[in-house]
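Student: return a 3D structure for these sequence lines:
(2 chains)
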Amino acid sequence: MADERGAKQERNCRICLNGKETARVNDGAAFADEVRRNRRQGVISGEVNVSYLKKLNEVHINTDKGRVRVPYIIVENGASKLTPDLSAKLSSKEIDFNYLLRRGVIEYLDAEEEENTLVATEERYITNETTHLMVDPASILGITMGVNVYPEHNQMGRHSISANFMKQSQGLYAFNFNNRYDARAFLLYYPQLPMVTSVPFRTLELERHPTGQNFVVALSTYYGYNMKDAVILNKAAVDRGLGRSIFYRTYSDEERRYPGGQKDKIKIPPPSTEGYLGEHAYSKLGDDGIIEKETLVEEGDVLIGKTSPPRFLEEQTTFGISEEKNRDNSVTLRMGEDGLVDNVLISETSGATRIVKVRVRHIAIPELGDKFASRHGQKGVVALIVNQEDMPFTKEGIVPDLLLNPHSLPSRMTVGHMLEMLGVKAGSLAGKSFDGTAFSANGFDEMRKFGDILENHGFDRFGDEELYDGRTGKKFKAKIFTGVVYYNRLHHMAITHLQVRSRGPVQILTRQPTEGKARGGGMRFGEMERDALVGNGASLLIKERMLDQSDKTTIWICKNCGDIGYFNYIKNVPVCPSCGSNNLERVEISNAFKLLLYEIKSLHIKTNMKLKSE
Amino acid sequence: MKEFSIQSGEAVGVVAAESIGEPSTQMLLRVFHSAGISSAVVTTGLPRILEIIDARKNPKSPIMHINMAKGIEKNYEKVREVRKKIEEVKVSGLIKGFTENLKSGLMELELDREKMAQHEINARSVMSKIEAFGADTELEGDTIKIKIKKKENLKATRISFVNIRGLPVGGIPGIDKAIVEQAEDGAFFITTVGSNIKGVLDIEGVDKEKAYSNNIVEIMNMYGVEAARNTIARELYSTITAEGFTTNFRHLSLIADAMCFYGAVKGVGRHGIAGLKESVFARAAFEETVKHFVNAAIFSERDNLRGVAENILIGKQVPVGTGFVKLAVKKDDLKKIKSKDKANK
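Tutor: Numbers count the residues shown, from 1 in each chain, chains lettered A, B, ... in the order given. The predicted model follows:
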């Protein structure tokens, strides 16, 4: 039986076209080779990929969309098809990449076909078994990681973190920023080019959109202020514009039309409008109800004055139809924000309604709580801004812009961060910038090269500096590694996250404090927090959190029948509606419980409350 | 002992819950893989904790630990004899191969003499077991020819073939595998995959006082709640410590106590101890709110507000910790005493 099955397998190598079995052949490997040969000769499309799976004895041909494909140089008989002759022609621009594709020198492989290959990373590693040669060793990395410098010296996970930070960084995001009305935009005052870049970075022309600045960094602690991931900034550097950026926020509103011919009106709302915010709030508006350019605005100030028709139709009164009372529907500046009105745009939408956009500009000077990150996944929050005279300094008088805790490095293994510090320090002395493309150079050789430059300029070859404590003037016992790193300012800033509440708005239904920054809410005291207090036996603290600081109300409970009563202010007595008794007691309960009692009541379940004095 | 005792009003339950909840969340995040020669795959980590806490009747990997009776525990040969009697042998474990013909309802089993000798089973007993299942058998050399009665369709025929191959012919049902292991003191013991305490206790050479199973419900049915309580605590402790976490045993024993409080093992949850809480509000706050309120109305239930959850709900000081103590003399009583004092004077 086993023989029978074996024989069957030999006869049947399945061929799957885009995952569907379409034919069978005897020798799958030979068939795949033939397809490949035809593809290289241009007989079939170069977008076809074929692979022979030995374990399954199947040939998979893929022609569908959505496959990630990578170009490789073809190697035949131990020799790269990209001969020195072709290489020279390519550099003299006599031929181009597409020529090589057409001539079968380079081909694109997908993930499945790669399983059939033996790829050499560099030409010198080619053996007789080698089938392909990488165009560049760095091509194993995609766009996001290729942009990183010295990626081969860093831990893998740091690159994904770094890629995330890149998306959050502030910089020169668009050249037409002045004509744009983005809902939220950040613009760095003095963006700089990184001194170490990579080939993908330059190919993508990211030099045109720099995202950060070159910071002088010392790997040093500072009186315990840069513990964990905190960093310390030099006040003088901040004053000179380090990390300074503009934060634009666009507020927009339009005059909507409602069924029944009613319409919103952009104007200064008259005092008779419902929900009138007070004369003071509208004082900065122009006659047209829109704020003027370059006005200083603070939280709660109205930017666009607008009135809307009432939500429901007016009830008929005995005096006929009363005067229509409009609602105030003005746009105010967000809580906790301030700035200057940068520009105002008035236009019309496709629905022929007037639309107003107000762009507010806030100058965001780095402050405590702002987030910075290097290109190696090393993020940090500003914990202290120190006067220049109190910062550590070198004998040349160089004061670092940023102090990074040295403990950030060993556990995260971002050696690239240190290599960048060293390289840029050397580069800034020699007036050169360096290439940090993945696998482009040997790290040890690079270090030696940088060391030589540093030594030539009279610096320590390992980047160490003798620093003096700015506070005491004494020399630090240890030499401190100092260099220059490209730092990004990320858009998580204290001003956009800061939130406090002592008293404030409550939810209508539950009377519990609101949640969220925009609604002036507090921090949620959730189940687990409650459990922690119960575990500690802090019974009065639980009562304070869950009742006194939350939804405390008082109700009248009938001592006679146990139902909820009310207080009759005319007769000045509490009344029980179910038994008519006046023997009621004022009881402090949570509003949530009151709601629950009402809800149970709505289920036609009567609750009796028996009171007991304590 | 006095200095180790808990003060009155201490929220032992919450602390116990936190002490098992915290390592559980850690286990979710960090899967600890131990590479070893352990022959039996045991459920570990969070799934196992859930199994214990829910008091599941059929745990994923039941395991037994069987000690040998006095006198033979250091005799490897004798322990192996016992092992043979314990491990369940199925027909499929005694054959080299088989052929089946679904149409005619014929199956041929090719017996493996070596394996049969190992388990001390002869062809006759195998055949009698198959005949008891309802099939005709015939021995021809090393092959047993089986003919089953005609079934309504081929599928039914195939299923009965599979069932015949799965017939137990020896050992204890439910025990898939038994392994002899040696303790540090040189005594041999048997660990099994699959659990059947009742069956194991009938085997001679087994220490009848020390047969251990990790199936809590089985332990309860066999030895009673107290044994089940100890097993819960022990299993929880070993699961947590195996993952590299530490928890005080007292928390776990408290959980075990709570689970066995009602005289039989109850899981922690809606159908277990959480659903048996005294307070209507506490039950309603946990799960199935409306059901509890409606039932409370039907049976005219009364909530004495003695627990934590219900007091937080209504906004009273919770009877835990600092809220646990009450004044012995009430304000009104004090007035009475004072007026009495005045009268006395």
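Student: got a list of what the spatially closest residue to A:Pro151 that is not a sequence neighbour touches?
Tutor: Residue nearest to A:Pro151 in three dimensions, not counting chain neighbours: A:Ala438, with 4.7 Å by C-beta to C-beta, 6 or more residues apart in numbering or on different chains. Every residue, glycine included, has its C-beta placed from N, CA and C. With contact set as C-beta atoms under 8 Å, 6 or more residues apart in numbering or on different chains, A:Ala438 has these partners: A:Pro137, A:Ala138, A:Ile140, A:Leu141, A:Met145, A:Gly146, A:Asn148, A:Tyr150, A:Pro151, A:Glu152, A:Ser198.
Student: ok, A:Val135 touching A:Tyr108?
Tutor: No - A:Val135 lies out of contact with A:Tyr108 (C-beta atoms under 8 Å); the separation is 10.7 Å.
Student: name the residues contacting each of these two.
Tutor: Any residue near both A:Val135 and A:Tyr108 by C-beta under 8 Å, 6+ apart counts here, and that gives A:Pro71, A:Tyr72.
Student: quick check, central residue of chain A?
Tutor: Closest residue to the average C-alpha location of chain A: A:Gln168 at 4.5 Å, with C-alpha atoms, centre = their mean.
Student: check the burial of the residue in chain A positioned nearest to chain B by counting its neighbours.
Tutor: Closest residue of chain A to chain B, C-beta to the nearest C-beta: A:Gly537 (1.6 Å). The number of residues packed near A:Gly537 is 20, by other C-beta atoms under 10 Å in any protein chain shown.
Student: so what's it closest to, chain neighbours aside?
Tutor: Closest to A:Gly537 by C-beta to C-beta, 6+ apart is B:Gly321, at 1.6 Å.
Student: over to A:Gly28?
Tutor: A:Cys13 (3.6 Å).
Student: look up how far A:His497 lies from B:Ile97.
Tutor: Just to correct that, residue B:97 is Gly rather than Ile. From B:Gly97 across to A:His497, the span is 71 Å (C-beta to C-beta, to the nearest Å).
Student: now swap in A:Val506 and tell me
Tutor: For A:Val506, the distance to A:His497 equals 23 Å [C-beta to C-beta].
Student: these two: which is more packed in?
Tutor: A:Val506 (15 against 12).
Student: show me what the more buried one is bridged to.
Tutor: Counting by DSSP bridges, A:Val506 is bridged to A:Pro513.
Student: can you pull the contacts of it?
Tutor: Counted by C-beta under 8 Å, 6+ apart, A:Val506 has contacts A:Gln512, A:Pro513, A:Thr514, A:Asp551.
Student: look up phi and psi at A:Glu585.
Tutor: phi -130, psi 140 (degrees, to the nearest 10).
Student: wait, isn't it in contact with A:Ile557?
Tutor: Yes - in this structure, A:Glu585 is within contact of A:Ile557 by C-beta under 8 Å, at 5.6 Å.
Student: flag the shaky bits of the stretch 151-300 of chain B, pLDDT-wise.
Tutor: Within the stretch 151-300 of chain B, the set of residues satisfying pLDDT under 70 is empty.
Student: quick one, domains of chain A?
Tutor: A:2-140, A:151-173+A:186-239+A:371-489, A:246-272+A:282-312+A:322-364, A:499-614 (automatic domain parsing).
Student: make CSV out of the ones you listed and add mean pLDDT.
Tutor: Formatted as CSV, the domains of chain A follow (pLDDT from 0 to 100):
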stretch, mean pLDDT
domain A:2-140, 87
domain A:151-173+A:186-239+A:371-489, 93
domain A:246-272+A:282-312+A:322-364, 88
domain A:499-614, 90
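Student: those: which one's closest to B:Lys151?
Tutor: Closest to B:Lys151 of the domains of chain A, according to C-beta to C-beta: domain A:2-140, at 27.5 Å.
Student: which of the contacts of A:Ala438 ranks first by neighbour count?
Tutor: A:Tyr150 leads the contacts of A:Ala438 on contacts (other C-beta under 10 Å) with 27 neighbours.
Student: need phi/psi at that residue.
Tutor: phi 50, psi 40.
Student: do the same with the one 10 residues further on
Tutor: Taking degrees, to the nearest 10, you get phi -70, psi -40 for the backbone angles of A:Ser160.
Student: of the domains of chain A, which stretch is the most buried?
Tutor: Greatest average neighbour count among the domains of chain A goes to domain A:151-173+A:186-239+A:371-489 (a mean of 19), per mean count of other C-beta atoms under 10 Å in any protein chain shown.
Student: which secondary structure elements does the host helix or strand of A:Leu384 contact?
Tutor: Under the criterion of DSSP states H and E, A:Leu384 resides in strand A:379-386. The contact analysis (3 or more C-beta pairs under 8 Å, 6 or more residues apart in numbering or on different chains; DSSP states H and E) places strand A:379-386 against strand A:230-234, helix A:235-239, strand A:371-374.
Student: list the strands paired with the next helix or strand after that strand, with their directions.
Tutor: Downstream of strand A:379-386, the next assigned helix or strand under DSSP H and E is strand A:402-404. Partners of strand A:402-404 in the sheet, by DSSP bridges, are strand A:212-219 (parallel), strand A:230-234 (antiparallel).
Student: what's the offset of strand A:402-404 from the middle of its chain?
Tutor: How far strand A:402-404 lies from its chain's middle: 23 Å, per C-alpha atoms, centre = their mean, to the nearest Å.
Student: who's in contact with the residue nearest to the centre of chain A?
Tutor: Neighbours of A:Gln168 in contact, by C-beta under 8 Å, 6+ apart: A:Ala373, A:Asn488, A:Leu490, A:His491, A:His492.
Student: report the separation between the residue of chain A closest to chain B and B:Val325.
Tutor: Counting by C-beta to C-beta - A:Gly537 and B:Val325 are separated by 10 Å.
Student: what touches both of these two?
Tutor: Common neighbours of A:Gly537 and B:Val325 (C-beta under 8 Å, 6+ apart) are B:Gly9.
Student: so what touches stretch A:63-80?
Tutor: Against stretch A:63-80 from outside (C-beta under 8 Å, 6+ apart): A:17-18, A:40, A:45, A:47-49, A:81-82, A:101, A:104-111, A:114, A:117, A:119-120, A:123, A:126-128, A:130-135, A:139.
Student: cool, stretch B:90-105 as well?
Tutor: Here stretch B:90-105 makes contact (C-beta under 8 Å, 6+ apart) with B:106-112, B:115-116, B:119, B:121, B:126, B:129-130, B:147-151, B:154, B:157-158, B:161, B:164-169.
Student: and the residues you listed, which of them are in helices?
Tutor: B:Lys115, B:Met116, B:His119, B:Val126, B:Lys129, B:Ile130, B:Leu154, B:Thr157, B:Arg158, B:Phe161, B:Ile164, B:Arg165 (DSSP state H).
Student: list only those of those residues flagged as buried.
Tutor: The neighbour count (16 or more other C-beta atoms under 10 Å in any protein chain shown) marks B:Met116, B:His119, B:Val126, B:Lys129, B:Ile130, B:Thr157, B:Phe161, B:Ile164, B:Arg165 as buried among those.
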